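K.L.:
what's the 3D shape of this:
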Amino acid sequence: QVQLVESGGGSVPAGGSLRLSCVTSVRTEMRYIMAWFRQAPGKDREFVAAFSRAGDITYYGDSAKGRFTISRDNAKNTVYLQMNSAKPEDTAVYYCAARDGTEVFETFNAYDYWGQGTQVTVSS
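P.N.:
Next up is the predicted model:
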């Protein structure tokens, strides 16, 4: 069982930056695939970024490539999502997720544990 708690959401102007944090209740390196998803009103939950189970490979959704960076601090049991060059279309609730498996999937129903989400609003 893994508990996930996100923080760091808020309001940011277009072009600005924000860093989201996800604190986990257990060490996740080598045990879980860690990912970020987001969900805007009326839309499906969208894959943003993920670490491989070993934590040595990163994956990004098309909307995140070149602007967002996923990172982690294993000593703090924390996974981060650095958002740069924010756009109004990035406005969504951002979720941290963990998957007890060996492969990274971009579909939300492949993930076993979820945080409560943190709201990000980008104003134009």
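
K.L.:
where exactly do the strands run in this protein?
P.N.:
4-7, 10-13, 18-24, 33-39, 46-51, 58-60, 68-73, 78-83, 92-99, 113-114, 118-123 (DSSP state E).

K.L.:
Report the central residue of this structure.
P.N.:
By C-alpha atoms, centre = their mean, the chain has its centre lying nearest to residue 36, at 2.1 Å.

K.L.:
So that residue is in contact with residue 9, correct?
P.N.:
No: if you go by C-beta atoms under 8 Å, residue 36 and residue 9 don't touch, sitting 11.8 Å apart. Every C-beta, even on glycine, is put in place using the N, C-alpha and C of the backbone.

K.L.:
which residues do the two both contact?
P.N.:
Residues touching both residue 36 and residue 9 (C-beta atoms under 8 Å, 6 or more residues apart in numbering) are 20, 94.

K.L.:
out of the strands of the chain, which comes closest to residue 106?
P.N.:
strand 46-51 (3.8 Å; C-beta to C-beta).

K.L.:
tell me what the closest one is packed against?
P.N.:
With contacts taken as 3 or more C-beta pairs under 8 Å, 6 or more residues apart in numbering; DSSP states H and E, strand 46-51 sits against strand 33-39, strand 58-60, strand 68-73, strand 78-83.
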